[in-house]
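Student: Model the structure of this input:
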Amino acid sequence: MLLESTSSDQGYVVRQFIGNTMLRGCDQRHMSRCERAVTVALWLMAIAWVARSLWFVEREFVPDYVFVPLVSLSMLSFFAAVWYGRGMTLFAHGFPRYFLLLYTVYMLWSAAIIVRSVKPEYYVIREIFADPYNAWAWLVPVTVFLGTRLNVWRCICKIGLVHSELALFVALPSGLLFLGIIYEFRLTYLAPFLLLISEYFDLKTKVIVCMSVVLQIVSNMSGGSRTSVVGSGLFVLAFLVVGRPTQQCGTGYGRLAKAAMFALLIVMSLWVLGAQNLGISFLPEGANVKLESFRAKLSVDSRTAADIQLFDYFWKDVKGIDRWFGRGCTGRYRAIGYEDRSAIESGYLHMILKGGYVELVLFLLVVVPAIFSGFFCSRNVFSRACSSLVVIRLLTMFTFGLPAVRLDYVLFWLSIGVLWSRRIRQMSDAVLWKAIGV
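Tutor: Below is the predicted model of the structure:
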């Protein structure tokens with residue numbers, strides 16, 4: 001009895017020590033250098049994409065003089081955060097060894113994809129670092145080291161909430177006239193994931209997140225992005241099935257609120273697919289025109305149609321050894337009627353183009369096992385939410401989902417870090433609520 005009591009007390013002390021360590025610094029006033037670096041990186045990345053969106057409108061030289069420095073500083077800030085957080089040490093002691101081996105091989109191959117394309121020429125260097133789908137995109141997976149730091153997730157939640165509030169501030173007073181701005185500036189990129197973990201938020205934050213997700217769906221429709229609309233819809237469905245906390249955290253949704261979100265998704269789907277023909281509309285005329293254009297685009301095959309045949313051109317041009325090892329981060333393929341293209345509208349084919357089957361297999365070996373860990377070997381909503389995000393990303397990669405220096409891709413790799421961490425998967429919802437709730 002004495003031995004059992006002593007062992008139990010020691011276990012309690014250890015659990016308390018781990019819990020206090022994880023919660024330390026959650027207050028914004030006590031942020032560590034790691035969390036500050038992550039916050040700076042996320043904001044720089046968001047501002048860079050706003051600048052790039054402005055360039056698409058004005059056609060100025062923003063990518064060279066604004067986008068590239070901002071993205072480069074953002075990635076350097078992520079590297080600094082990994083260094084400050086002693087990412088390698090945490091990684092080696094907090095993750096399975098076979099994952100450490102797989103991830104190391106994957107990152108070495110990703111580095112090889114970049115190095116093989118580098119040439120001492122100005123235009124080559126500019127192409128490598130000015131394009132968000134080139135060199136920096138293959139280095140984003142280094143952020144997996146930060147996935148085990150709950151303070152980092154708290155920073156992400158706060159930044160996502162600020163983005164959502166800004167999007168609502170831009171859209172609602174104008175009667176949804178500026179949907180294009182919200183779509184181009186990616187102001188609601190983080191909202192779908194915040195919806196999945198909204199059980200950890202207070203009621204006001206829940207309302208803001210739900211409104212932002214609806215706004216994202218409408219803005220994606222106005223922008224004509226079918227993949228983004230499907231992805232947002234999948235996040236809402238995941239929100240319905242991801243489950244509730246095993247312990248009470250804040251103000252829970254309950255079944256009624258989840259049923260309301262599901263009904264909203266159905267209503268919006270019916271509206272897009274034909275309800276406007278009944279004369280029912282609550283948007284300005286300009287927004288209605290964009291949504292009508294989106295409805296017309298639903299039946300258009302922009303990938304494999306006879307007059308496009310991009311995928312056919314890809315398989316005809318990329319053969320032999322190129323399929324196995326790729327053509328490097330600046331690799332291109334030839335498509336009749338187009339200039340040589342450096343990207344193809346499928347994340348999986350894009351990986352084959354740049355790094356071959358080797359890149360794709362290593363990627364799947366790192367990602368797929370993590371999904372099962374989150375769904376079947378976890379005790380909290382947070383892990384299931386991360387698994388849902390990874391699954392949705394893998395699904396959208398069939399129609400786009402290219403690796404890029406973007407907030408959603410960073411979030412993807414942070415989620416991989418969570419799913420491979422047994423320590424976080426076994427945390428209670430009450431602990432996570434205190435650690436990352438905003």
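Student: which stretches of the stretch 51-200 of the chain form helices?
Tutor: Assigned by DSSP state H, counting those that start in this stretch, the helices in the stretch 51-200 of the chain fall at 62, 68-84, 87-94, 97-115, 122-130, 135-139, 150-171, 179-185, 191-196.
Student: deepest of those, which one?
Tutor: helix 191-196 (a mean of 26; mean count of other C-beta atoms under 10 Å). Heads up, the C-betas are built off the backbone N, CA and C, glycines and all.
Student: Residues touching that helix, excluding its own?
Tutor: Residues from elsewhere that reach helix 191-196, judged by C-beta atoms under 8 Å, 6 or more residues apart in numbering: 157, 160-161, 163-164, 167, 201, 209-210, 212-213, 215-216, 231-232, 235-236, 238-239, 242, 381, 385, 388-389, 411.
Student: my read: residue 131 touches residue 354, true?
Tutor: No. Using C-beta atoms under 8 Å as the test, residue 131 is too far from residue 354 to be in contact (11.6 Å).
Student: So if I had to pick from the two, which one is more boxed in?
Tutor: Using other C-beta atoms under 10 Å as the criterion, residue 131 and residue 354 rank with residue 354 on top: 28 against 21.
Student: who's in contact with that one?
Tutor: 113, 138, 326, 327, 328, 329, 331.
Student: nearest residue to it other than its sequence neighbours?
Tutor: The spatial neighbour of residue 354 that comes closest, neighbours along the chain excluded (C-beta to C-beta, 6 or more residues apart in numbering), is residue 326 at 4.9 Å.
Student: Isn't residue 188 up against residue 162?
Tutor: No. Using C-beta under 8 Å, residue 188 is not in contact with residue 162; the gap is 11.6 Å.
Student: just to revisit the earlier point, and of the helices of the stretch 51-200 of the chain, who's closest to residue 43?
Tutor: helix 150-171 (6.8 Å; C-beta to C-beta).
Student: Give me the phi and psi for the residue nearest to residue 354.
Tutor: phi 70, psi -180 (degrees, to the nearest 10).
Student: Confirm for me that it is in contact with residue 355.
Tutor: Yes. Look at residue 326 against residue 355 with C-beta under 8 Å: they come within range, at 4.1 Å.
Student: more crowded one of the two?
Tutor: Remark: of residue 326 and residue 355, residue 355 carries more neighbours, 28 against 25, as counted by other C-beta under 10 Å.
Student: Residue 315: neighbour count?
Tutor: Counted with other C-beta under 10 Å, residues neighbouring residue 315 total 12.
Student: Next, give phi and psi for it.
Tutor: phi -70, psi -30.
Student: what separates it from residue 196, distance-wise?
Tutor: 36 Å (C-beta to C-beta, to the nearest Å).
Student: Equivalent analysis for residue 435, please.
Tutor: Taken as C-beta to C-beta, the span from residue 435 to residue 196 is 16 Å.
Student: hang on, the earlier thing: next, show the common contact partners of residue 326 and residue 355.
Tutor: With C-beta under 8 Å, 6+ apart as the test, residue 326 and residue 355 both reach residue 113.
Student: Go through this protein and flag its longest helix.
Tutor: helix 347-376 (DSSP state H).
Student: In contact with residue 332, which residues?
Tutor: Residue 332 touches 340, 341, 342, counting by C-beta under 8 Å, 6+ apart.
Student: now, among those residues, which is nearest to residue 149?
Tutor: Checking the contacts of residue 332 one by one against residue 149 (C-beta to C-beta), the nearest turns out to be residue 342, at 34.5 Å.
Student: The closest one touches residue 330, doesn't it?
Tutor: Yes. Applying C-beta under 8 Å as the test, residue 342 and residue 330 come out as touching, 6.7 Å apart.
Student: which residues are in contact with both of these two?
Tutor: In contact with both residue 342 and residue 330: residue 134, using C-beta under 8 Å, 6+ apart.
Student: so where's the stretch 1-150 of the chain uncertain?
Tutor: 1-31, 53-65, 86-93 (pLDDT under 70).
Student: Please apply the same query to the stretch 151-300 of the chain.
Tutor: 172-185, 223-224, 243-258, 261-262, 264-300.
Student: Let's see that with 90 instead.
Tutor: Applying pLDDT under 90 to the stretch 151-300 of the chain flags the ranges 151-152, 155, 158-159, 162-191, 195, 198-234, 236-300.
Student: for the stretch 301-438 of the chain, what spans make up the helices?
Tutor: Using DSSP H, counting those that start in this stretch, helices in the stretch 301-438 of the chain cover 310-317, 321-325, 347-376, 381-396, 407-419, 422-425, 429-436.
Student: Compare those and report which one is nearest to residue 85.
Tutor: That would be helix 407-419 among the helices of the stretch 301-438 of the chain, by C-beta to C-beta, at 11.1 Å.
Student: For the closest one, name the packing helices and strands.
Tutor: Judged by 3 or more C-beta pairs under 8 Å, 6 or more residues apart in numbering; DSSP states H and E, the packing partners of helix 407-419 are helix 33-58, helix 150-171, helix 347-376, helix 381-396, helix 422-425.
Student: Just send these back as a markdown table, with distance to residue 76 too.
Tutor: Shown next, in a markdown table, are the helices and strands packed on helix 407-419 (distance: least, C-beta to C-beta, whole Å):
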| stretch | distance to residue 76 |
| --- | --- |
| helix 33-58 | 8 |
| helix 150-171 | 17 |
| helix 347-376 | 22 |
| helix 381-396 | 25 |
| helix 422-425 | 26 |
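Student: Just flag the most distant two among the contacts of residue 354.
Tutor: Taking C-beta to C-beta, the two most distant members of the contacts of residue 354 are 138 and 327; they sit 13.4 Å apart.
Student: Tell me how far residue 364 lies from residue 370.
Tutor: 11 Å.
Student: Of those two, which one has the most company?
Tutor: Applying other C-beta under 10 Å to residue 364 and residue 370 shows that residue 370 carries more neighbours, namely 22 against 13.
Student: And that one, how close does it get to residue 170?
Tutor: 36 Å.
Student: about what we covered before: please name whichever of the helices of the stretch 301-438 of the chain is nearest to residue 123.
Tutor: helix 347-376 (18.8 Å).
Student: got the angle for that closest one vs helix 97-115?
Tutor: Angle, helix 347-376 to helix 97-115, by axes from the mean of the first three to the mean of the last three C-alpha atoms, to 10 degrees: 160 degrees.
Student: Lovely, talk soon.
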